[in-house]
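*Asks:* what follows is a predicted structure for the sequence shown.
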Amino acid sequence: MASASYNHFVATSPFSRTSSWHFKLAVKDNIATADFPTQCASHILSSHPSPFEATIVRQLRTRGATVIGKTNMDEFGMGSHSINSIHGAVKNPLVQSEDVSAGGSSGGSAVAVKLGDADIALGTDTGGSIRLPAAYTGTVGYKPSYGMISRFGVVPYANSLDTVGFLANEVEHIYDVVFKTGLHKEHDSNDPTSLPEVSRRRCTKLSPATLPNLSQINIGIPLEYNISELDPSIHDTWIAAAFKLESLGVNLVPISLPSTKEALCAYYVLAPAEASSNLAKYDGVRYGVRGEGSDAVGETLYSEARGVGFGEEVKRRILLGTYSLSSEAMDNYFIQAQKVRRMVQKDFDRVFKLDNPLYEPEQFDLSDMAEATGMEDKRGPLQVDFILCPTAPTFPPRLDEIQGQSSVDVYMNDVFTVPASLAGLPAVSVPAIVKGGQFPAGLQRLQEAMVA
């Protein structure tokens with residue numbers, strides 16, 4: 001194991017490679033394992049032994065995985081820097097001289113693969129929690145389509161957004177495990193959100209088996225992602241990568257995703273709302289650790305257990321979610337956020353060549369498009385196979401800088417990752433070299449749902 005100074009593991013076990021097809025697997029601490037407690041980096045689940053193992057862990061064991069440890073994270077997956085943890089903050093191994101963010105909430109998993117402690121690491125991505133750590137640590141982070149990988153055995157944060165994904169140092173490592181072994185084709189009857197086999201076959205049939213000639217591939221460059229908060233070096237790296245692809249023969253197409261500017265706001269209404277419901281069971285009676293004092297005094301049953309057991313960020317999101325689900329706020333916040341989510345999904349469906357295999361094809365209104373959007377013909381704009389965009393607007397900040405940021409400042413890190421999560425799209429973040437820079441830049445590739 002690498003030095004513990006990066007604080008990326010919360011529990012480990014030795015590994016002995018007995019075959020060339022065996023590989024080391026690190027598992028985020030919100031995914032149940034038989035060998036280790038599942039604590040979600042929270043006091044309220046301190047030393048909690050899961051009575052069963054997550055489906056994805058069992059599936060990977062049959063493919064040669066040995067679980068070498070559980071990785072540190074933001075409590076219940078709530079955070080962008082892996083600092084909201086009872087185990088302390090995860091530190092980025094790209095810098096030795098100061099403590100820098102490793103991204104969150106799957107920061108421990110990203111660091112584990114970066115240091116070579118694990119060949120593959122499991123994470124969960126609700127609004128960017130795999131892709132952001134990948135961008136900050138210079139690793140590859142893959143969020144599959146929603147419903148492709150089983151969530152059975154994953155402690156939920158927001159059920160309609162949570163997606164199990166993978167981190168590695170090379171794209172090929174993830175491809176070999178997920179696609180060469182047929183993992184992406186396996187339905188799990190224990191998970192009600194797992195895509196049925198008939199739908200998987202339909203998606204496979206609609207998806208091309210191989211890429212066409214490069215001259216036939218269109219890559220979209222979203223106009224709305226060129227925001228003022230985007231670091232100039234990341235912007236230049238993004239554009240340089242796009243021009244490099246163009247030099248190889250692909251076609252660059254400016255596209256408009258007008259709902260992007262509302263996506264982050266909608267996410268931070270919907271995700272906390274679902275979290276407030278999911279976390280209601282942690283009361284020290286059904287789940288969780290009881291407080292030392294007596295709780296059932298007067299009309300109070302479990303305030304002490306939840307007050308002591310949850311961290312500040314989790315409490316904040318529970319309060320946000322509970323309010324947005326209240327009768328006086330439901331129509332103005334939660335329902336409106338759901339409408340924005342549908343708009344985000346329609347934006348993506350409009351720009352992709354392939355129809356979304358999970359919905360009936362729908363004609364879009366040309367009046368909804370930005371004026372700068374180019375038209376292929378009178379029926380609409382040129383459509384694309386992939387979208388290329390930055391993963392994060394900035395390079396990883398120092399941990400002491402984060403302490404001085406407001407919650408809204410921290411939430412801004414998710415501005416480029418949240419839209420794909422709201423739409424259930426597959427997305428992969430890969431590192432790109434920044435000229436003269438200390439850190440790599442993460443670049444995202446998005447495509448239509450269930451194609452990957």
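*Replies:* Yep, that arrived.
*Asks:* okay, now the unreliable bits of this protein?
*Replies:* Per-residue confidence of the chain (counting by pLDDT under 70) places the weak regions at 1-4, 16-21, 291-301, 357-380, 450-452.
*Asks:* which one's the longest helix in it?
*Replies:* Among the elements of type helix in the chain, defined by DSSP state H, the one spanning the most residues is helix 260-278.
*Asks:* just checking, next helix/strand downstream of that helix?
*Replies:* Read in the C-terminal direction, the helix or strand following helix 260-278 is helix 303-309, with elements assigned using DSSP states H and E.
*Asks:* mind listing what's buried in the following helix or strand past that next one?
*Replies:* Past helix 303-309, heading to the C-terminal end, the next element that is a helix or strand (DSSP H and E) is helix 312-324. In terms of neighbour count (16 or more other C-beta atoms under 10 Å), helix 312-324 has its buried residues at Glu313, Val314, Arg317, Ile318, Leu320, Gly321, Thr322, Tyr323, Ser324. All C-beta spots, glycine's among them, are computed from the backbone N, C-alpha and C.
*Asks:* ok, these vs His173, which is closest?
*Replies:* Closest approach between these and His173, by C-beta to C-beta: Glu313, at 31.6 Å.
*Asks:* got the contact list for that closest one?
*Replies:* In this structure, Glu313 makes contact with Asp74, Glu75, Met78, Gly79, Asn84, Ser407, judged by C-beta atoms under 8 Å, 6 or more residues apart in numbering.
*Asks:* what ranges do the helices span in the protein?
*Replies:* With DSSP H as the definition, the chain shows helices at residue ranges 55-61, 107-114, 131-137, 171-175, 197-206, 232-247, 260-278, 303-309, 312-324, 335-351, 399-403, 407-411, 418-423.
*Asks:* of these, which is nearest Asn218?
*Replies:* Each of these has some distance to Asn218 by C-beta to C-beta; the shortest is helix 335-351, at 9.5 Å.
*Asks:* can you report how many residues lie near Cys40?
*Replies:* Residue crowding around Cys40 was assessed by other C-beta atoms under 10 Å; the count is 28.
*Asks:* so how far is His8 from it?
*Replies:* 16 Å (C-beta to C-beta, to the nearest Å).
*Asks:* on that earlier part again, from the contacts of Glu313, keep the buried residues only.
*Replies:* Using 16+ other C-beta under 10 Å, the buried members of the contacts of Glu313 are Asp74, Glu75, Met78, Gly79, Asn84.
*Asks:* give the buried residues for stretch 264-272.
*Replies:* Within stretch 264-272, the residues that qualify as buried are Leu264, Ala266, Tyr267, Tyr268, Val269, Leu270, Ala271, Pro272, counting by 16+ other C-beta under 10 Å.
*Asks:* on that earlier part again, in JSON lines, list the helices of the chain along with distance to Glu224.
*Replies:* Written out in JSON lines, the entries for the helices of the chain read as follows (distance: least, C-beta to C-beta, whole Å):
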{"stretch": "helix 55-61", "distance to Glu224": "33"}
{"stretch": "helix 107-114", "distance to Glu224": "27"}
{"stretch": "helix 131-137", "distance to Glu224": "18"}
{"stretch": "helix 171-175", "distance to Glu224": "27"}
{"stretch": "helix 197-206", "distance to Glu224": "27"}
{"stretch": "helix 232-247", "distance to Glu224": "13"}
{"stretch": "helix 260-278", "distance to Glu224": "4"}
{"stretch": "helix 303-309", "distance to Glu224": "39"}
{"stretch": "helix 312-324", "distance to Glu224": "25"}
{"stretch": "helix 335-351", "distance to Glu224": "9"}
{"stretch": "helix 399-403", "distance to Glu224": "26"}
{"stretch": "helix 407-411", "distance to Glu224": "18"}
{"stretch": "helix 418-423", "distance to Glu224": "9"}
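*Asks:* nearest to Gly288 among the ones you listed would be which one?
*Replies:* Set against Gly288 and scored by C-beta to C-beta, the helices of the chain come closest in helix 303-309, at 5.5 Å.
*Asks:* can I get the buried residues of stretch 264-272 in CSV including distance to Val100?
*Replies:* Shown next, in CSV, are those (distance: C-beta to C-beta, whole Å):
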residue, distance to Val100
Leu264, 24
Ala266, 30
Tyr267, 25
Tyr268, 25
Val269, 30
Leu270, 30
Ala271, 26
Pro272, 27
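*Asks:* just flag the most distant two among the residues you listed.
*Replies:* Every pair in these was compared (C-beta to C-beta); the two farthest apart turn out to be Leu264 and Pro272, at 12.9 Å.
*Asks:* picking that back up, out of the buried residues of stretch 264-272, the closest to Arg201 would be?
*Replies:* Minimum distance to Arg201 across the buried residues of stretch 264-272 is 30.3 Å, recorded for Leu270 (C-beta to C-beta).
*Asks:* circling back: pull the most distant pair out of the buried ones among the contacts of Glu313.
*Replies:* Comparing all pairs in the buried ones among the contacts of Glu313 by C-beta to C-beta, the longest separation belongs to Glu75 and Gly79, at 7.2 Å.
*Asks:* quick one: the spatially most central residue of the chain and Val430, what's the gap?
*Replies:* Most central in the chain under C-alpha atoms, centre = their mean is Asp125, positioned 2.3 Å from the mean C-alpha point. The gap separating Asp125 from Val430 is 15 Å, by C-beta to C-beta.
*Asks:* repeat for Ile234
*Replies:* Separation of Ile234 from Val430 (C-beta to C-beta) stands at 14 Å.
*Asks:* neighbour count: these two, which is higher?
*Replies:* When neighbours are counted by other C-beta under 10 Å, Ile234 comes out ahead of the other of Ile234 and Val430, with 25 against 22.
*Asks:* from Asp283, how far off is that one?
*Replies:* Remark: distance between Ile234 and Asp283 (C-beta to C-beta) = 43 Å.
*Asks:* if we can go back for a sec, for Pro156, find the nearest of the helices of the chain.
*Replies:* Going by C-beta to C-beta, the one of the helices of the chain nearest Pro156 is helix 260-278, 4.8 Å.
*Asks:* residues near Ser5, how many?
*Replies:* Burial measure for Ser5: 10 neighbouring residues, criterion other C-beta under 10 Å.
*Asks:* which ones are touching it?
*Replies:* Ser5 touches Lys91, counting by C-beta under 8 Å, 6+ apart.
*Asks:* what separation do you get for it and Arg306?
*Replies:* Look at Ser5 and Arg306: by C-beta to C-beta, they are 33 Å apart.
*Asks:* what's opposite Pro222 in the beta bridge?
*Replies:* For Pro222, the beta-bridge partners are Ile255 (DSSP bridges).
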